[in-house]
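Asks: curious how this folds, go ahead:
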Amino acid sequence: MFLMDKSNQGGTGAKKGFYYQDYFATLLVTRMLLDRNIKGIGCEVFDDIDIYHHDNSITYVQVKTGTVDKEWNLSELKKPRNNIAGTKPKPQSSILHKSLQQDKIKGVKSKFILVTDKPLYSSLKYLQQPIESRVDIESHKKLAKQIDNALGKKFESLNGNRGDYWVNNTKWEVFYDVDHICKDIDLNLRTYAENVLGKLLSINQVRELGSLICNESYRKSQVSKSSGNPDDKTIYRQDMISFVNERIKSQNSEPKVYPKERAKKIVNLFHENSIRKCNNYGYKQTFEFSGYRYNYIVEQLLSWIDEVIMKPDELASFTSIITANEILKNRLKNEDIGKVISKTIYNSIIRTESDSQPIPMVLFSIGDKGELSFDSVNIVLKENSDDELWLSTVDLIRDELDLIDAIDNCVSKIIKLIVDDIDFARNTILDYKNDEYLYKHNVNDILSTDKGFSETIERFNFSIFLVYKCTDYDSCTTEEQLSENINSYFEKTIEKLDENIEITKNVRVGVYFIPIPCCDTLVNKFKEKVGALC
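Replies: Numbers count the residues shown, from 1 in each chain. The predicted model follows:
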């Protein structure tokens, strides 16, 4: 964070009458919940309100109510405001000058928001347009020239900027009263609850949550600047997300079908390695005395398999896999059980190690779409960056002697997917996923084939996931021995990936290995358990 102005002028001592400002600060906090590019809202740290962005820029917000009688024009904007009876107005004390004066921190890009309870007149209306949508060059030039004249010939910010910069980076918002602000607060809270958490809130719940956030905004603004600690006057996004999530989850509402909290893991990570953009992971389960924990794996498979073999609407209708045993039985009749087991273990890893949402492959078994070169799809949600799409191919290898051939086959599928089928895959996923059952994400823009794959390549991750029988694996086998075994196969995978195209230099690839003593035993125990249930 930055050093703040320690003057209390205009701050705590002048707080009376700033009710409108507290509501607008609350609105900004609710916008922050939905905008991962914002990391915090400062309450009277530099300006009335500050918005801190992850790109190290700051938006300075001035809130002006009761300042003009009818409407804002350029004369009001440039009028000196520090008038003392019997003396000349203090130069460069206008709202315009004060705004641009905030552009003073070296290396930090400054942006500006003006918020008023009265409308704009004439050329100032240009500033109400979203900055990214402004295309009227003539209106821009006209206003920038007017702002330069209003600033005076010699005035510029400490960073050397004048009217053109200010116009390019200023947004003016008009809310006639706090009721209009509250409507936007309510909308943002509902949107966050429904799209991000999958919760529906009543009117009273929304209003109560908004009031709590407003109280926090007011409390932060009341902290004296002389304390010298900007953190005490800042509401951070991560803290507010934790607070809002806890508050909303405590209220009984319907969740999305893929809960964010799935506690039990099937296997545990013990090995990591990487070469260029290719990451290698090794997972294992333990022995109890001399016996491998097949039964534990099977039990956990049954608690995860619903996300793999059931459609989202089916998950919304059934409360557990037991009540959906007919679906389980019928689907597994036509499936390769080894591949189902591998898909389910992989899904459990992605879901417990990241904030992810699966797109069940059962959706892609409907209709005539041709052969798919992937076995698993996951949307991986990112807190402070764009969400990602992970496409994977999986298999279960019953004999280690067949593992090299399996690697070759999986690598061929991944290369085909990347080089030949990626547009087909993107269109297929976009057509068949159902966002109604998913938490809010932004992968649709990379699924659309309007953009070339190379333009979005950093938001894709391709994975090879293999469960295989490891020869001579028993309770005495050490993790070091398993790592050596996995490393040898990882190196062969790299060689195959880069055989004709340098895949690992350009594309993110994950290679997962799970060695187990006997794949046949795991498959048979799983079949027995499923038969008993169904």
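
Asks: surely Ile415 is in contact with Ile501?
Replies: Yes. At 7.0 Å, Ile415 and Ile501 qualify as touching, with contact defined as C-beta atoms under 8 Å. Glycine gets a C-beta too; all of them are placed from N, C-alpha and C.

Asks: more neighbours, these two?
Replies: Between Ile415 and Ile501, counting by other C-beta atoms under 10 Å, Ile415 is the more crowded of the two (20 against 13).

Asks: mind checking which helix or strand the more buried one is in?
Replies: helix 403-416 (DSSP states H and E).

Asks: ok, Ile501 - contacts?
Replies: 415, 419 (C-beta atoms under 8 Å, 6 or more residues apart in numbering).

Asks: does it count as helix, strand or coil?
Replies: What DSSP: H, G, I helix; E, B strand; the rest coil gives for Ile501 is coil.

Asks: Lys154: what secondary structure?
Replies: Criterion first, three-state DSSP; result for Lys154: coil.

Asks: by mean pLDDT, flag the weakest helix or strand of the protein.
Replies: Least confident element among the helices and strands of the chain, by mean pLDDT, DSSP states H and E: helix 325-333 (a mean of 76).

Asks: list the buried ones in that helix?
Replies: 327-328, 331-332 (16 or more other C-beta atoms under 10 Å).

Asks: equivalent analysis for stretch 159-168, please.
Replies: Under 16+ other C-beta under 10 Å, the buried positions of stretch 159-168 are 159, 161-163, 165-167.

Asks: where do the strands sit along the stretch 351-500 of the chain?
Replies: 356-358, 376-380, 388-397, 460-469 (DSSP state E, counting those that start in this stretch).

Asks: how far off centre is the third one?
Replies: Relative to the centre of its chain, strand 388-397 is centred 22 Å away, using C-alpha atoms, centre = their mean, to the nearest Å.

Asks: now do the least confident helix or strand of the chain: which elements does it pack against?
Replies: helix 306-309, helix 519-533 (3 or more C-beta pairs under 8 Å, 6 or more residues apart in numbering; DSSP states H and E).

Asks: okay, now the unreliable bits of this structure?
Replies: 1-18, 82-87, 227-228, 252-255, 262-263, 318-325, 365-370, 532-534 (pLDDT under 70).

Asks: ok so, going back, out of the buried residues of stretch 159-168, which is nearest to Glu479?
Replies: Asn159 (54.8 Å; C-beta to C-beta).

Asks: give me the nearest residue to that closest one, chain neighbours excluded.
Replies: Using C-beta to C-beta, 6 or more residues apart in numbering and skipping residues adjacent in sequence, the residue nearest Asn159 is Asp103, 4.9 Å away.

Asks: next, the one you found: secondary structure please.
Replies: Going by three-state DSSP: Asp103 is coil.

Asks: check contacts around it.
Replies: 110, 157-159, 161, 165.

Asks: before we move on, the earlier item: and the angle for the helix holding Ile415 with strand 460-469?
Replies: For helix 403-416 against strand 460-469, the angle by axes from the mean of the first three to the mean of the last three C-alpha atoms, to 10 degrees is 160 degrees.

Asks: which residues touch helix 403-416?
Replies: With C-beta under 8 Å, 6+ apart, helix 403-416 has contacts from 373-374, 393, 395, 397, 462, 464, 466, 468, 489, 492-493, 496-497, 500-501, 503, 509.

Asks: please check those residues and keep the buried ones.
Replies: Counted by 16+ other C-beta under 10 Å, the contacts of helix 403-416 give 373-374, 393, 395, 397, 462, 464, 466, 468, 489, 493, 496-497, 503, 509 as buried.

Asks: including distance to Lys141, could the strands of the stretch 351-500 of the chain go into a markdown table?
Replies: Formatted as a markdown table, the strands of the stretch 351-500 of the chain follow (distance: least, C-beta to C-beta, whole Å):
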| stretch | distance to Lys141 |
| --- | --- |
| strand 356-358 | 47 |
| strand 376-380 | 44 |
| strand 388-397 | 41 |
| strand 460-469 | 42 |
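
Asks: that older thread, now the helices and strands packed on helix 325-333 in CSV, with distance to Tyr23 and mean neighbour count?
Replies: Converted to CSV, those look like this (distance: least, C-beta to C-beta, whole Å; neighbours: other C-beta atoms under 10 Å):
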stretch, distance to Tyr23, mean neighbour count
helix 306-309, 42, 22
helix 519-533, 55, 15
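
Asks: and those helices: which comes nearest Tyr439?
Replies: helix 306-309 (13.9 Å).

Asks: ok, the buried residues of helix 325-333 vs Glu216, which is closest?
Replies: Of these, the one sitting nearest to Glu216 (C-beta to C-beta) turns out to be Ile327, at 46.0 Å.

Asks: ok, that closest one touching Glu314?
Replies: Yes. Ile327 is in contact with Glu314 according to C-beta under 8 Å; the separation is 6.4 Å.

Asks: which residues are in contact with the closest residue to Ile457 other than its chain neighbours?
Replies: Spatial nearest neighbour of Ile457, excluding adjacent residues (C-beta to C-beta, 6+ apart): Val507 at 6.4 Å. Listed by C-beta under 8 Å, 6+ apart, the contact set of Val507 reads 277, 418, 457, 460, 462.

Asks: got the phi and psi for Val507?
Replies: phi -130, psi 140 (degrees, to the nearest 10).

Asks: what about stretch 171-178, how long is it end to end?
Replies: Length of stretch 171-178, first residue to last, C-alpha to C-alpha, to the nearest Å: 19 Å.

Asks: typed the wrong thing, it's stretch 314-330
Replies: Using C-alpha to C-alpha, the two ends of stretch 314-330 sit 14 Å apart.

Asks: same check on stretch 140-160?
Replies: 20 Å.

Asks: buried residues, it. List them.
Replies: 140, 143-144, 146-148, 150-151, 155-157, 159.

Asks: which other residues reach it?
Replies: Counting by C-beta under 8 Å, 6+ apart, 74, 77-78, 92, 94, 96-97, 100-106, 110, 123-124, 126-127, 134, 162-168 sit against stretch 140-160.

Asks: and the buried ones among those residues, selectable in ChimeraX?
Replies: In ChimeraX syntax, the buried subset of those is picked out as below (16+ other C-beta under 10 Å):
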select :74,77,78,92,94,96,97,100,101,102,103,105,110,123,124,126,127,162,163,165,166,167
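
Asks: next step: the contacts of stretch 140-160 restricted to strands.
Replies: Ser110 (DSSP state E).

Asks: farthest-apart pair in the buried residues of stretch 140-160, please.
Replies: Gln146 and Asn159 (21.2 Å).
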